[in-house]
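Chemist: need the 3D shape of this:
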Amino acid sequence: MPATLPDGDPVPADGALPHSALEGLGERPFAFYVHVPFCVTRCGYCDFNTYTATELGPGAGRDSYADTAIEEVRMARRVLGEA
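Modeler: Okay, the predicted model is just below:
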């Protein structure tokens, strides 16, 4: 885990986005990327900020990943609404 949080406001628990992020929603292409982070080795060319499950602590493992990813998609749906 990072020793200190980056500068900026904390992420809202409800996943709310700033108005500027929602401008044009539904009028432009929209996509999202799901990364399955269980590589056997950490590649030197990988641009992802990566941690092992041990570094992240409880709840960060293969057993809970799919449910957690699905919940993230559901939260995005709630936040974005019908757009």
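Chemist: mean confidence score for stretch 40-47?
Modeler: In this model, stretch 40-47 has an average pLDDT of 74.
Chemist: now it: how far from the chain's centre is it?
Modeler: 19 Å (Cα atoms, centre = their mean, to the nearest Å).
Chemist: following the worst-scoring helix or strand of the chain on mean pLDDT, which helix or strand shows up next?
Modeler: In the chain, no helix or strand scores lower on mean pLDDT, DSSP states H and E than helix 53-56, which sits at a mean of 73. Next along the chain after helix 53-56, taking DSSP states H and E as the criterion, comes helix 62-80.
Chemist: any idea which helix or strand carries the residue of the chain most remote from its centre?
Modeler: Distance from the C-alpha centroid of the chain, by Cα atoms, centre = their mean, peaks at Glu27 (23.1 Å). Per DSSP H and E: Glu27 is located in neither a helix nor a strand.
Chemist: ok, it to Leu56 distance?
Modeler: 37 Å (Cβ to Cβ, to the nearest Å). Quick note: C-beta positions are derived from backbone N, CA and C, even for glycine.
Chemist: coming back round to it: only C-alpha atoms, please: export the least confident helix or strand of the chain in CSV.
Modeler: The C-alpha coordinates for helix 53-56 follow below in CSV (Å, rounded to 0.1, in the frame of the first residue of the first chain):
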residue,chain,number,x,y,z
ALA,A,53,-2.5,-9.4,-2.7
THR,A,54,-0.3,-9.5,0.4
GLU,A,55,0.6,-5.8,0.0
LEU,A,56,-3.0,-4.8,-0.4
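Chemist: chain center to that helix: distance?
Modeler: Worked out by Cα atoms, centre = their mean, helix 53-56 lies 16 Å from the chain centre.
Chemist: what comes up buried for that helix?
Modeler: Ala53 (16 or more other Cβ atoms under 10 Å).
Chemist: please apply the same query to stretch 34-44.
Modeler: Residues of stretch 34-44 classed as buried under the neighbour-count rule (16+ other Cβ under 10 Å) are Pro37.
Chemist: ends of it, how far apart?
Modeler: 20 Å (Cα to Cα, to the nearest Å).
Chemist: one more: stretch 37-56?
Modeler: End-to-end for stretch 37-56, by Cα to Cα: 12 Å.
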